[in-house]
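# Let me see the structure of the following:
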Amino acid sequence: MLNHCFLCRNEDLKEMLESSKESLKLEAMKRIVGLIAKGKNASELFPAVVKNVASKNIELKKLVYVYLVRYAEEQQDLALLSISTFQRALKDPNQLIRASALRVLSSIRVPIIVPIMMLSIKEASTDLSPYVRKTAAHAIQKLYSLDPDQKEHLIEVIEKLLKDKSTLVAGSVVMAFEEVCPDRIDLIHKNYRKLCNLLVDVEEWGQVVIIHMLTRYARTQFVSPWREDAVFDENSEKAFYDSEEERRVEQSKPYIMDPDHRLLLRNTKPLLQSRNTAVVMAVSQLYWHLAPTHELSIITKSLVRLLRSHREVQYIVLQNIATMSIQRKGMFEPFMKSFYVRSTDATHIKTLKLEILTNLANEANISTILREFQTYVKSQDKAFAAATIQAIGRCATNISEVTDTCLNGLVLLLSNRDETVVAESVVVIKKLLQTQPSQHSDIIKHMAKLFDNITVSMARASILWLMGEYCEHVPKIAPDVLRKMAKTFTSEEDIVKLQTVNLAAKLYLTNSKQTKLLTQYILNLGKYDQSYDIRDRTRFIRQLIVPNEKSGALSKYARRILMAPKPAPVLQSAFKDRDRFQLGTLSHSLNSQANGYLELSDWPAVAPDQSVRIVEVVKEAGAPVFGKSKPGKSDEKFYSDSEEEEEEEEEGSSSEDSSSSSSEANLRFVLTSFCVHVESESESESEENSDDSNKSSSSQSDSEKKKKTLKNKKLQQQKPDSKDRYWSHAALLLIIRTKFFLMHIVLSFSNQFVASCRCSLLCLYVFLVCQFDTISWDVRVSLQASSPVFVPETSRELLHRMTGKGLSAQYRFTRQPCIYGNSMVSLQLTLSNSSDQALENIHISEKSSTGQNIHRFNAIERLEPQASVTVSMGVDFNDSTQAANFQLCTKEDEFSVSIQPAVGELLLPITMSEADFTKEQSKLVGMNESSATITMTPENVSSQSVNRKVVSVANLGVIPSSQENIHRFAGKTVSSGCLVLVSVALKDPDAVITINTENTVMASMLLRQFKTALTNSGP
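Okay, the predicted model is just below:
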């Protein structure tokens, strides 16, 4: 009956899954997942569920993926049917869908699809989305567990992902590294500093993984900082030595902390304030294993703060503190009150706090700790009370000053009503008496009197051992105890029987007159005991102590064997040996090496070569640097404070100068800038220019000379590592203005300075024009804006005449540089009046723009019926295809309109040489490169057709190409000036479209439009 109901339910779910309504499908999947959660078998629905993988509903897809992960391994044949669907989903434009498809694909535990999984992971590792690359890193571990033979291929992917700069990927790829190839330390060298710097921004789970990996790495690459003669300098730069003696002193220091070692400690320190307890614990263990001893105190407060967390967190933290407190008591002694036991604490928490308090005990605080222990002994928790008595015994052993006090306290506990407390006290007293037995015979006698009242077998056995071991100190009491034990021998526990036999043997050797018959009686009882341990011990003792014909030479040494002095037991912490495991690991918590545990290596005696961590940074194209720059001080201001003050004073003093002097100074600045650069090329010309300049500058004021010197100084002190954006703009500005602005200045000014050196300036101009065409600067200064190759004439509707009550508007992109702003896109609006009445005050509302910067056209006071007017405006789209929304207004009405730009209209064409194109393209590779292969129609294969279709899609400039089958185009984004390079390589009948740009979103959109344009046969 139940099976019939279940089958009917399955039929209903199948009908819902095959329905055309998304809501029914979603409801069906929720029910199916619910059945799976309850343990029901829903594998019969597999074909119906797989059909919905291609659904556009994200929530439905997620539930389908959950179902497939559950049944893929059981239904391998059916799962293979959906592989093609997942492969298509890996190309989906939505990053969530791509990531989900890869996650499900890697969860299908079918060996036959390992090659497909390997290909998918490689493709996902180069995906534009960091979320997909993160999923690829997770899939690496799954594939490795499925097929370890793929290790070498997976290491290549890991090496690529380790270079990823995204904080979203860092933690996942390090986890994959730890699972697949934790011994490949060479993969970390080049990425060590990057991981240290990214650590603060990585998600918390990734921080834990990276910190543990870097801890292992540091133990193999740096020298131990725990030397007494170590030197710790935050700024590890070498000083300038004035004498050989100082140099010898410096070289005699055997250890200076490696800068990379200090970098790791410095970048992990802020994470001690993390809200995540695992991160704080990870940083704490890193400092414990890597930091100098005097820096360990900074982790103390963070660990104590974690004791306010949940019980599970407290347990792990207290375990680690217990290990630390054995070696570094001073770390936690100021926070001793934080380890006092609370009544609400669980037993395992109480025991750990007790362990830590015992570790922290010393001569100064032992009285306080013992007062706490007196309270703990009265606890209703029997296990905790017993642990407290053991802690008292440890304190008595470690601190000799309180041994007598602890013994007296433990003897008082022998009168306690609780058998557990009494038994534990006896055991601890037994261990303490071994240190000074002759001085504590009274305690032994007192314990013998209590023997009849003690029922716990371990306590009774301990008293019997004490009687036998020190029977010479209590010669009258020991035989009487043996007599009592002979009466109850058969009813005692095995451990008590064994100690009774030992007591009998020792008394036989020391006091045979009184105990000979008792000993024989007990040995006879033991001879027929049910336990073979008792029987064996009895036979051994009889042959050892009772001489007869069969006894060997061993019986002569019976007294030396049984009565030999025993070393006093050492009471030590249960966490004594746990420091062999890395703190914060499962192995440390279990005190046993867990599967997958990676041991920390010992510090190397000599530090390995630190140059392996140096990454050669390829500088992006920037502007040339005039003059020689001084090394170091990279964070220095562009101008020093003193120079700024002097400049302000000079500007104030020169405010009364004539306009000719100002123009003359500006001209001097431009000329001097170029003279400094070309000085090495033509020394004679520079000397002539300087002579002419000196002659002509005799009439200048002192302030103007000083100003000129300051500006030259500022120019020469430019650093080579200044911001690329600043220099790119500055250099580009100099190039554009040189050929026009310089000649204009030379010919237009006629004051004394220009008149005296006009000939020199003309020579210099000609020289500079030639130099700019030949010098190869290490910057993108040769990129010049050009006129558009193609300007679309078609207009788009902005406002329909019906909606606008007679006012209609159309717009088109002019593809020209906008005169209203360098970051704006130029548009042309055509406004028409289709009504019978004139429209007044046509304008754009000032409150209308949403995010974009819009330059509005001047208000049109009056537009006659059936008349049209064309105006221009500028919009800063911020290199995004997001529509610009605003309100087009008349005197009486307001109309909401929006301009949606095509991605190709957000570009400006530029010109460059083929060599420059290739050079810039080589810099924009990896994640900055997008490509696709298409099959072109025969009519699109010609060069003219390719050029026409590409420039019609995007406002790009055509770059001359020496290869007939390769067409190159270049442009830059209007707002940010980001370079966009497009190449189309024809390989009959296919073509490869490649786009190189830092704006990856724009690249994917352009690639999609180019593919559509080049595959269509239309114009």
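
# May I have the phi/psi pair for the most centrally placed residue in the chain?
Centroid check for the chain by Cα atoms, centre = their mean gives V202 as the closest residue, at 3.4 Å. In terms of degrees, to the nearest 10, the main-chain angles of V202 are phi -80, psi 150.

# Then T870?
phi -110, psi 130.

# Same question for E15.
phi -60, psi -40.

# mind checking the SS state of V615?
coil (DSSP: H, G, I helix; E, B strand; the rest coil).

# wait, doesn't it sit right on R193?
Yes: the criterion here is Cβ atoms under 8 Å, and V615 meets it with R193 at 7.1 Å. (C-beta placed from N, C-alpha, C; glycine too.)

# higher neighbour count, those two?
For the pair V615 and R193, the greater number of neighbours falls to R193 (17 against 13), based on other Cβ atoms under 10 Å.

# before we move on, the earlier item: I figured the residue nearest to the centre of the chain hits S166, correct?
No: checked against Cβ under 8 Å, the pair V202 and S166 is beyond contact range at 9.7 Å.

# and Y521, how far is that from R483?
Plainly put, Y521 is 10 Å away from R483 if you go by Cβ to Cβ, to the nearest Å.

# Might you report the residue contacts of L562?
By Cβ atoms under 8 Å, 6 or more residues apart in numbering, L562 lies in contact with N502, A505, K506, L509, L544, I545.

# for those residues, which one is nearest H294?
Nearest to H294 out of those is N502 (Cβ to Cβ; 52.5 Å).

# Just want to check the distance between that closest one and L562.
From N502 over to L562 the distance is 8 Å, taken as Cβ to Cβ.

# Contacts only, for the closest residue in space to K353 that isn't next to it in sequence.
Spatial nearest neighbour of K353, excluding adjacent residues (Cβ to Cβ, 6 or more residues apart in numbering): F339 at 4.6 Å. F339 makes contact with F332, K353, I356, L357, L360, according to Cβ under 8 Å, 6+ apart.

# quick check: mean pLDDT across the strand or helix carrying K949?
K949 is part of helix 943-953 when elements are defined by DSSP states H and E. The pLDDT scores in helix 943-953 average 87.

# what comes into contact with that helix?
By Cβ under 8 Å, 6+ apart, helix 943-953 touches 788-790, 792, 904, 939-940, 956, 958, 964, 967, 969, 982, 984, 986, 991, 1006, 1009-1010, 1013-1014.

# one more time with 6 Å
With contact meaning Cβ atoms under 6 Å, 6 or more residues apart in numbering, helix 943-953 is reached by V789, F790, G904, V958, H967, F969, V984, Q1009, F1010, A1013, L1014.

# Determine how far it lies from the middle of the whole chain.
45 Å (Cα atoms, centre = their mean, to the nearest Å).

# Following that helix in sequence, what is the next regular element?
Using DSSP H and E, the next helix or strand after helix 943-953 towards the C-terminus is strand 957-959.

# partner strands of that next one, parallel or antiparallel?
strand 966-973 (antiparallel) (DSSP bridges).

# Buried ones in the partner strand, by neighbour count?
Buried residues in strand 966-973, counting neighbours by 16 or more other Cβ atoms under 10 Å, are found at H967, R968, F969, A970, G971, K972, T973.

# State the mean pLDDT of it.
92.

# Remind me what the helix or strand that comes right after that strand packs against, helices and strands.
Using DSSP H and E, the helix or strand that follows strand 966-973 towards the C-terminus is strand 979-987. Secondary-structure packing of strand 979-987 (3 or more Cβ pairs under 6 Å, 6 or more residues apart in numbering; DSSP states H and E): strand 966-973, strand 990-997.

# Throw those into CSV and include distance to A809, thanks.
Formatted as CSV, these follow (distance: least, Cβ to Cβ, whole Å):
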stretch, distance to A809
strand 966-973, 27
strand 990-997, 33
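
# So which of the ones you listed is nearest V313?
Nearest of the helices and strands packed on strand 979-987 (Cβ to Cβ): strand 990-997, 47.6 Å.

# and the direction of that closest one versus that of strand 966-973, what angle?
Angle of strand 990-997 versus strand 966-973, following axes from the mean of the first three to the mean of the last three Cα atoms, to 10 degrees, is 30 degrees.

# Quick one: mean pLDDT for the next helix or strand after strand 990-997?
The helix or strand immediately downstream of strand 990-997 is helix 1000-1015, counting by DSSP H and E. Here helix 1000-1015 scores 86 as its mean pLDDT.

# and if you look at stretch 347-362?
The pLDDT scores in stretch 347-362 average 92.

# before we move on, back to that, which one of Y521 and R483 has more residues nearby?
Between Y521 and R483, counted using other Cβ under 10 Å, the more crowded position is Y521 (16 against 13).

# on contacts alone, who are the packing partners of the biggest strand by length in the chain?
Identified as the longest strand of the chain according to DSSP state E is strand 807-817. Of the remaining helices and strands, those touching strand 807-817 by 3+ Cβ pairs under 6 Å, 6+ apart are strand 796-799, strand 825-833.

# Out of those strands, which one sits most buried?
strand 825-833 (a mean of 21; mean count of other Cβ atoms under 10 Å).

# Give me the next element, helix or strand, following that strand.
Past strand 825-833, the next helix or strand by DSSP H and E is strand 839-844.

# what's the closest of the helices and strands packed on strand 979-987 to S367?
Using Cβ to Cβ, these put strand 990-997 closest to S367, at 74.2 Å.

# And for that closest one, what's in contact with it?
921, 924, 929-936, 980-985, 1003, 1006-1007, 1010.

# Please apply the same query to stretch 567-577.
A322, T323, I326, G393, R394, T397, K431, Q434, T435.

# Tell me the buried residues in it?
Residues of stretch 567-577 classed as buried: L571, S573, F575 (neighbour count, 16+ other Cβ under 10 Å).

# For that stretch, C-alpha coordinates in PDB please.
C-alpha atoms of stretch 567-577 as PDB (Å, rounded to 0.1, in the frame of the first residue of the first chain):
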ATOM      1  CA  PRO A 567      62.700   6.300  42.100                       C
ATOM      2  CA  ALA A 568      60.000   8.700  43.100                       C
ATOM      3  CA  PRO A 569      57.400   9.100  40.400                       C
ATOM      4  CA  VAL A 570      57.400  12.400  38.400                       C
ATOM      5  CA  LEU A 571      54.000  14.000  38.400                       C
ATOM      6  CA  GLN A 572      53.800  15.900  35.100                       C
ATOM      7  CA  SER A 573      51.200  17.500  32.900                       C
ATOM      8  CA  ALA A 574      49.300  15.400  30.400                       C
ATOM      9  CA  PHE A 575      50.200  18.100  27.800                       C
ATOM     10  CA  LYS A 576      53.900  17.700  28.300                       C
ATOM     11  CA  ASP A 577      54.500  16.000  25.000                       C
END
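
# Quick one: mean pLDDT for it?
Mean pLDDT, stretch 567-577: 75.

# Run through the stretch 801-950 of the chain and note the low-pLDDT ranges.
Applying pLDDT under 70 to the stretch 801-950 of the chain flags the ranges 847-851.

# And for the stretch 401-550 of the chain?
The model of the stretch 401-550 of the chain has pLDDT under 70 over residues 436-440, 549-550.

# can you map out the helices along the stretch 1-150 of the chain?
Listed in chain order, the helices of the stretch 1-150 of the chain (DSSP state H, counting those that start in this stretch) span 2-17, 22-37, 46-50, 58-71, 76-80, 83-89, 95-107, 114-125, 130-146.

# between the last one and helix 95-107, what angle do the directions make?
The reference is to helix 130-146. Going by the same axes, to 10 degrees, helix 130-146 makes 0 degrees with helix 95-107.

# Which parts of the stretch 301-450 of the chain are helices?
Taking DSSP H, counting those that start in this stretch as the criterion, the stretch 301-450 of the chain contains helices spanning 311-327, 329-332, 347-360, 366-377, 382-398, 403-413, 419-433, 441-449.
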